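Trainee: Fold the following, please.
(2 chains, ligands or ions: 2)
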Number of protein chains: 2
Amino acid sequence: MALTGKPTLAVVGATGAVGTVMLQILSQRADIWGEIRLIASPRSAGRKLAVRGTETEVTALSEDAFDGVGVALFDVPDEVAAVWAPVAAARGAVVVDNSGAFRMDPDVPLAVPEVNPHTVRSRPRGIVAGPGCTTLTMIVALGALHAEFGLRELVVSSYQAVSGAGRAGVETLRAQLSLVAGTELGTKPGDVRRAVGDGTGPFPEPVALNVVPWAGSLREDGWSSEEMEIRDESRKILGLPRLPVAVTCVRVPVVTTHSLTVHARFQREVGVDGAREILATAPGVVLCDDPEAGEFPTPADVVGTDPTWVGRVRRALDDPTALELFVCGDNLRKGSALNAVQIAELIAAEPPGRG
Amino acid sequence: MALTGKPTLAVVGATGAVGTVMLQILSQRADIWGEIRLIASPRSAGRKLAVRGTETEVTALSEDAFDGVGVALFDVPDEVAAVWAPVAAARGAVVVDNSGAFRMDPDVPLAVPEVNPHTVRSRPRGIVAGPGCTTLTMIVALGALHAEFGLRELVVSSYQAVSGAGRAGVETLRAQLSLVAGTELGTKPGDVRRAVGDGTGPFPEPVALNVVPWAGSLREDGWSSEEMEIRDESRKILGLPRLPVAVTCVRVPVVTTHSLTVHARFQREVGVDGAREILATAPGVVLCDDPEAGEFPTPADVVGTDPTWVGRVRRALDDPTALELFVCGDNLRKGSALNAVQIAELIAAEPPGRG
Ligand SMILES: NC(=O)c1ccc[n+]([C@@H]2O[C@H](COP(=O)([O-])OP(=O)(O)OC[C@H]3O[C@@H](n4cnc5c(N)ncnc54)[C@H](OP(=O)(O)O)[C@@H]3O)[C@@H](O)[C@H]2O)c1
Ligand SMILES: NC(=O)c1ccc[n+]([C@@H]2O[C@H](COP(=O)([O-])OP(=O)(O)OC[C@H]3O[C@@H](n4cnc5c(N)ncnc54)[C@H](OP(=O)(O)O)[C@@H]3O)[C@@H](O)[C@H]2O)c1
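Mentor: Numbering: from 1, shown residues only, chains lettered A, B, ... in the order given. Ligands and ions are numbered 1, 2, ... in the order given. Sure thing, here's the model as predicted:
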């Protein structure tokens, strides 16, 4: 990026679940940006949001909104990103897109700065994608283990927070909790569903006092889009196009912070002590693993923090090449907003004359 | 069992989470029992509970309480069962124990009537054990698939309801939910923990708006007792003493009904249609698997029902011998009370002259 002075940053989708956390993160990190421009739908135009301590007016998404923008962070639905990210790129902005619209495009790098920072530099479409929040929950820790032991197979189960489905997900859980708390609901067939009625929001079933084995839309052979994405994205980020990955995605009544259980098989024998040492020293990872002292990560403690938290590290009892892990990460921070900000910072730090 | 008239049944632990559901189940099933005697701790002596429509007085656990008892169902903590089950057996009762005290005793069968009914007949100690509720959540469905395809490996993650930790677990979740519902809690580090304070009951961390990757007590190498039990019990029930089983147990804010994700590898290739047919026709199993129509099991729908519900049946994308499943079962019904009642019914149906 040819830098003369500090570059202008645009946040597209500044009013959403990810956008809101993005503004907090931008206020906390080293201030490398010139103007920060907030963009959302025409519905939000004129609203004022605080960023870096300054009330800033939201403008409606338009071509002109990208004039003079160096980097544009996109946190909008897939279909909006699909149309508008190329527009921003054509106006000269480098786009960092958190939606699913470009992640598997071979001309778009899928970047996680701790794992594959070099990929950011080659971006023929002017677009860099960030992975989905569920992949991001585990990939920094897995990247570190893969570098040492060579990953051979993954079996993953998710415990996904409702804010992974945006503001609507959070509002749905809060409304459902008000209906069920203080009642005897949850012990008779269908009583939660009756209390919740049509109020399931973005979820196909009630999520309060429940777990729902579904996230995303239906793909072939009964797989959900979220399950397929975790497989596709992990393979692309780690550069292992044939990695066997089995996933089942489940939504749980947690506001923010995704958790995953991971059964990871490697090319060679893994020692638990060696694995713990790697996790304890890997950038962006916190090892939190002392069950005797009651130490393991849970969403209630991890929410609002930046790193990937890893606990319950065990060697599989019947396979010396496999590890069991329990991993937590704030889906609105490293799971989306923070990862995009990190990518934007890499781009801003590129030597002048590029782009 | 030498039957002259209908045998007397004792329910030990009649006031607990499992005991309460046991009394409901006994009121719903064919009435094969003579007297039903309700037993609990001295704390509960004199309380009256309804069973088969009759208010029945609870008596305190004592040797004499087993006089004339044909079958004694034990639903008490491990340490109480360890002492009192042999006492009841010495008095001539056949004990069906739901605690963990005898499950791995080689002289005690570990019985699941749909899977290994024949084991009940050989009970040198006069004791038959029922497996833990987490094993029971999956084992009926897995037993049916194993009979056809030959099980070779399991990777399991649990989503365990709070009533798996008894009455205290349910009270803890209800109290915590009253504190967090209607608030903004769940979005800042530690705020749920501060609101809940010391009120974590049988759980090491808050369980409302959270998931907790721990169940049971610490065993060697970082494994929890519950995780080891699922491996040990599955092997014993299926008669596969070397089956590789990897498990991570996680508690979720659901009142009743455990869920599991299962990655099951078989001896030979599995077709999804064949697997679905087996699950659709296996006794005690309901196939609930049409994601296009929004059909998959969730605890909110499964609670209060008898069978094992199986959904999200998929063949692993990278292994033609492996299946992915999502399984739900009411931990207080098939997961404990119902399984014990089924065993008791098998015993009561034995030809006279035995025992
Ligand atoms: N939530 C997560 O954990 C997570 C993690 C990784 C990636 N992502 C991805 O990040 C993106 C945003 O997710 P979210 O959870 O923040 O969603 P959200 O809470 O629903 O917010 C959506 C944002 O997009 C804006 N928007 C919607 N339609 C628009 C349009 N036609 N033109 C301009 N702006 C429009 C909204 O603006 P208004 O307020 O004006 O409607 C809002 O700012 C999605 O692609 C999602 O898949 C989310
Ligand atoms: N909850 C489940 O999903 C589940 C599933 C499978 C197996 N189990 C096993 O089933 C057993 C009971 O579990 P639960 O969940 O029902 O526990 P719970 O709700 O805590 O109930 C415990 C029962 O044991 C009785 N009890 C405790 N100490 C006693 C003593 N010293 N003498 C006589 N009775 C005594 C209690 O009587 P008072 O009311 O008088 O104290 C109560 O009836 C445990 O071994 C558990 O591991 C539970």
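Trainee: ok, and does stretch A:185-193 reach over to chain B?
Mentor: Yes - for stretch A:185-193 and chain B, the contact criterion (Cβ under 8 Å from any Cβ of the partner chain) is met by A:185-193. Yep, even glycine has a C-beta here, placed from its N, CA and C like the rest.
Trainee: could you dump those residues to JSON lines with secondary structure, neighbour count and pLDDT?
Mentor: As requested, these are arranged in JSON lines below (DSSP: H, G, I helix; E, B strand; the rest coil; neighbours: other Cβ atoms under 10 Å in any protein chain shown; pLDDT from 0 to 100):
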{"residue": "A:L185", "secondary structure": "coil", "neighbour count": "21", "pLDDT": "90"}
{"residue": "A:G186", "secondary structure": "coil", "neighbour count": "28", "pLDDT": "90"}
{"residue": "A:T187", "secondary structure": "coil", "neighbour count": "19", "pLDDT": "89"}
{"residue": "A:K188", "secondary structure": "coil", "neighbour count": "14", "pLDDT": "89"}
{"residue": "A:P189", "secondary structure": "coil", "neighbour count": "15", "pLDDT": "87"}
{"residue": "A:G190", "secondary structure": "coil", "neighbour count": "14", "pLDDT": "89"}
{"residue": "A:D191", "secondary structure": "helix", "neighbour count": "18", "pLDDT": "92"}
{"residue": "A:V192", "secondary structure": "helix", "neighbour count": "28", "pLDDT": "94"}
{"residue": "A:R193", "secondary structure": "helix", "neighbour count": "16", "pLDDT": "91"}
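Trainee: Same list (these) but as CSV, adding distance to ligand 2.
Mentor: Shown next, in CSV, are those (distance: Cβ to the nearest ligand atom, whole Å):
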residue, distance to ligand 2
A:L185, 19
A:G186, 14
A:T187, 12
A:K188, 16
A:P189, 17
A:G190, 20
A:D191, 19
A:V192, 19
A:R193, 22
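Trainee: hmm, which two among those residues are most spread apart?
Mentor: A:T187 and A:R193 (13.2 Å; Cβ to Cβ).
Trainee: Can you confirm whether the host helix or strand of A:P86 lies near ligand 1?
Mentor: Using DSSP states H and E, A:P86 falls within helix A:78-90. Yes - residues of helix A:78-90 contacting ligand 1 under Cβ under 6 Å from any ligand atom: A:78, A:80.
Trainee: pull the CA atoms of that helix into CSV?
Mentor: The C-alpha coordinates for helix A:78-90 follow below in CSV (Å, rounded to 0.1, in the frame of the first residue of the first chain):
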residue,chain,number,x,y,z
ASP,A,78,-22.6,-12.6,2.3
GLU,A,79,-24.8,-11.3,-0.4
VAL,A,80,-24.0,-7.7,0.4
ALA,A,81,-20.2,-8.4,0.5
ALA,A,82,-20.5,-10.3,-2.8
VAL,A,83,-21.7,-7.2,-4.6
TRP,A,84,-19.9,-4.4,-2.7
ALA,A,85,-16.4,-5.8,-1.9
PRO,A,86,-15.4,-5.7,-5.7
VAL,A,87,-16.8,-2.2,-5.9
ALA,A,88,-14.6,-1.1,-3.0
ALA,A,89,-11.6,-2.9,-4.5
ALA,A,90,-12.3,-1.2,-7.9
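Trainee: Looking at the residues of stretch A:185-193 next to chain B, which one is closest to B:S157?
Mentor: Out of the residues of stretch A:185-193 next to chain B, the member with the shortest distance to B:S157 (by Cβ to Cβ) is A:G186, at 21.6 Å.
Trainee: I figured that closest one hits B:P253, correct?
Mentor: No - using Cβ atoms under 8 Å, A:G186 is not in contact with B:P253; the gap is 9.4 Å.
Trainee: Show me whatever sits in contact with both of those two.
Mentor: Common neighbours of A:G186 and B:P253, counting by Cβ atoms under 8 Å, 6 or more residues apart in numbering or on different chains, are A:L209.
Trainee: pLDDT of the helix or strand that contains A:G19, averaged?
Mentor: Assigned by DSSP H and E, A:G19 belongs to helix A:17-28. Taken as a whole, helix A:17-28 has an average pLDDT of 96.
Trainee: Tell me if it is near ligand 1.
Mentor: Yes - contact of helix A:17-28 with ligand 1 is found when judged by Cβ under 6 Å from any ligand atom, involving A:17-19.
Trainee: so after that helix, what's the next helix or strand?
Mentor: Downstream of helix A:17-28 (by DSSP H and E), the next one is strand A:36-40.
Trainee: Next, the angle helix A:17-28 makes with that next one.
Mentor: Angle, strand A:36-40 to helix A:17-28, by axes from the mean of the first three to the mean of the last three Cα atoms, to 10 degrees: 170 degrees.
Trainee: For strand A:36-40, what does the pLDDT average out to?
Mentor: On average, strand A:36-40 scores 98.
Trainee: From ligand 2, how far out is A:D97?
Mentor: 46 Å (Cβ to the nearest ligand atom, to the nearest Å).
Trainee: Looking at strand pairing, list the partners for that residue.
Mentor: A:F74, A:A129 (DSSP bridges).
Trainee: one step back: what packs against the helix holding A:G19?
Mentor: Judged by 3 or more Cβ pairs under 8 Å, 6 or more residues apart in numbering or on different chains; DSSP states H and E, helix A:17-28 is in contact with strand A:9-12, strand A:36-40, strand A:48-51, helix A:166-180, helix A:338-348.
Trainee: From the rest of the structure, what touches that helix?
Mentor: Against helix A:17-28 from outside (Cβ under 8 Å, 6+ apart): A:9, A:11, A:13-14, A:33, A:36, A:38, A:40, A:49-53, A:73, A:75, A:98, A:163, A:166-167, A:169-170, A:332-333, A:336-338, A:340-341.
Trainee: What residues sit buried inside that helix?
Mentor: A:17-26 (16 or more other Cβ atoms under 10 Å in any protein chain shown).
Trainee: same deal with stretch A:72-90?
Mentor: Quick answer for stretch A:72-90 (16+ other Cβ under 10 Å): A:72-76, A:80-81, A:84-89.
Trainee: residues in contact with the residue of chain A found nearest ligand 1?
Mentor: Chain A approaches ligand 1 most closely through A:G16 (2.2 Å), counting by Cβ to the nearest ligand atom. With contacts defined as Cβ under 8 Å, 6+ apart, A:G16 is in contact with A:40, A:75-76, A:166-167.
Trainee: How about A:L179?
Mentor: A:185, A:195-196, A:199, A:208.
Trainee: Mind checking which of the residues you listed are buried?
Mentor: A:185, A:195-196, A:208.
Trainee: helix/strand/coil for the closest residue to A:S225 other than its chain neighbours?
Mentor: Using Cβ to Cβ, 6 or more residues apart in numbering or on different chains and skipping the chain neighbours, the partner closest in space to A:S225 is A:G216 (3.4 Å). Look at A:G216: counting by DSSP: H, G, I helix; E, B strand; the rest coil, its state is coil.
Trainee: How much space separates A:G216 from A:Q160?
Mentor: 10 Å (Cβ to Cβ, to the nearest Å).
Trainee: Pick out whichever of those two has more residues nearby.
Mentor: Taking neighbours as other Cβ atoms under 10 Å in any protein chain shown, A:G216 and A:Q160 compare with A:Q160 leading, 26 against 17.
Trainee: tell me the contacts of the more buried one?
Mentor: With Cβ under 8 Å, 6+ apart, A:Q160 has these contacts: A:134, A:215, A:226, A:249-252, A:258, A:331.
Trainee: same thing but 6 Å
Mentor: A:215, A:251, A:258 (Cβ atoms under 6 Å, 6 or more residues apart in numbering or on different chains).
Trainee: by contact count, what packs against the worst-scoring helix or strand of chain A on mean pLDDT?
Mentor: Ranking every helix and strand in chain A by mean pLDDT, DSSP states H and E puts helix A:191-196 at the bottom, with a mean of 92. Helix A:191-196 sits against no helix or strand, with contacts defined as 3 or more Cβ pairs under 6 Å, 6 or more residues apart in numbering or on different chains; DSSP states H and E.
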